[in-house]
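> please work out how this folds:
(2 chains, ligands or ions: 2)
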Amino acid sequence: MQLATQFIALENVLVVRLEGELDHHSAAHLKMEWQEQMQKNNSKHVVLNLENLQFMDSSGLGVVLGRYKEVQQIGGEMVVCSISNAVKRLFDLSGLFKIVRLEENEAFALLTLGVAS
Amino acid sequence: MNNSMQLQFKSVSTNEGFARVAVAAFVSQIDPTMDEITEIKTVVSEAVTNAIIHGYEEDPNQTVYIECEINDNQLSIVIEDHGVGIDNIDLAKEPLYTSKPELERSGMGFTIMENFMNKVDIHSIKGKGTTVRMVKDFQKSKSYCN
Ligand SMILES: Nc1ncnc2c1ncn2[C@@H]1O[C@H](COP(=O)(O)OP(=O)(O)OP(=O)(O)O)[C@@H](O)[C@H]1O
Ligand SMILES: [Mg+2]
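Ligands and ions are numbered 1, 2, ... in the order given. You can find the predicted model right below:
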């Protein structure tokens, strides 16, 4: 199973929905698409919805960290939502929750960024 | 239960998913929990990705080797490459250390392996390659319980 992506721009927020498996094989393409969408939509913040992500390893942590750095540069925020216990463990281990905020679901994450969906 | 299997495949990134699924299928005979399967898939992905990215520096014409053994309720996985080897293993194992930050690596691979498995041994010789041996103890077969 490969990685499917869905990008939705709402005001200054880019919603990124991932479905499938995020590993080294799928990471490079995701990075490219994600950067393109940020630019095209002039997004400042990101809501990363991992509800349908079946698998992730350290390659995924690398992509998230890389995009966090870019968002931080423009004064934006990265919020992640709907994550599985397995992915939560990886975020915990790497200390990513110190810089990326966790919220229950996408609608609530958007609300915290001032977007009513 | 006593069983073993061996796999070898080309050092291309499509095989990361193949390796995860193959090892998980082999391990399914000891009736693992969903969490245990996820842990196994993750550590296999970490070690195979390391072999491809670091060991072989993304040369697609090399070979990655996997050996799995089940002895009673213990699983051992050996993942090997004949690549560049590791200079300083203690440094490599440190959380957040990566020799390739320009590739957006997080430096968490070995930390994840050590957290998800009971034992991780790294053997490496400069210019000869790297062998990662991981051991995990499983709960006694659940089928005895009902
Ligand atoms: N098979 C290997 N051959 C050569 N060097 C390796 C190998 N595996 C790991 N290393 C070295 O050990 C370091 C740490 O590995 P680790 O998996 O922890 O982090 P990473 O691969 O750099 O980043 P991440 O796994 O988070 O994407 C690597 O940066 C690399 O220098
Ligand atoms: Mg790694």
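
> now do the strands in chain B.
B:2-10, B:63-71, B:74-81, B:119-125, B:129-137 (DSSP state E).

> which stretch among those strands comes nearest ligand 1?
Ranking those by distance to ligand 1, with Cβ to the nearest ligand atom as the measure, places strand B:129-137 first at 3.8 Å. C-betas here are computed from N, CA, C, even on glycine.

> which stretches of the chain have low pLDDT?
Since no chain was named, I'll use chain A. Applying pLDDT under 70 to chain A picks out residues A:1, A:117.

> hmm, no, I was thinking of chain B.
Those would be B:141-146, if you go by pLDDT under 70 across chain B.

> thinking again about what came up before, could you dump the strands of chain B to TSV with mean neighbour count and distance to A:L53?
Formatted as TSV, the strands of chain B follow (neighbours: other Cβ atoms under 10 Å in any protein chain shown; distance: least, Cβ to Cβ, whole Å):
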stretch	mean neighbour count	distance to A:L53
strand B:2-10	12	25
strand B:63-71	18	25
strand B:74-81	21	24
strand B:119-125	16	25
strand B:129-137	20	24
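
> would a markdown table of those with distance to ligand 1 be doable?
Formatted as a markdown table, the strands of chain B follow (distance: least, Cβ to the nearest ligand atom, whole Å):
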| stretch | distance to ligand 1 |
| --- | --- |
| strand B:2-10 | 15 |
| strand B:63-71 | 9 |
| strand B:74-81 | 5 |
| strand B:119-125 | 7 |
| strand B:129-137 | 4 |
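
> contact residues of chain B facing chain A?
B:13-14, B:16-17, B:20, B:35, B:38, B:41-42, B:45-46, B:49, B:52-53, B:95-96, B:103-109, B:111-112, B:115 (Cβ under 8 Å from any Cβ of the partner chain).

> looking at those residues, which are in helices?
Counting by DSSP state H, the residues of chain B next to chain A place B:14, B:16-17, B:20, B:35, B:38, B:41-42, B:45-46, B:49, B:109, B:111-112, B:115 in helices.
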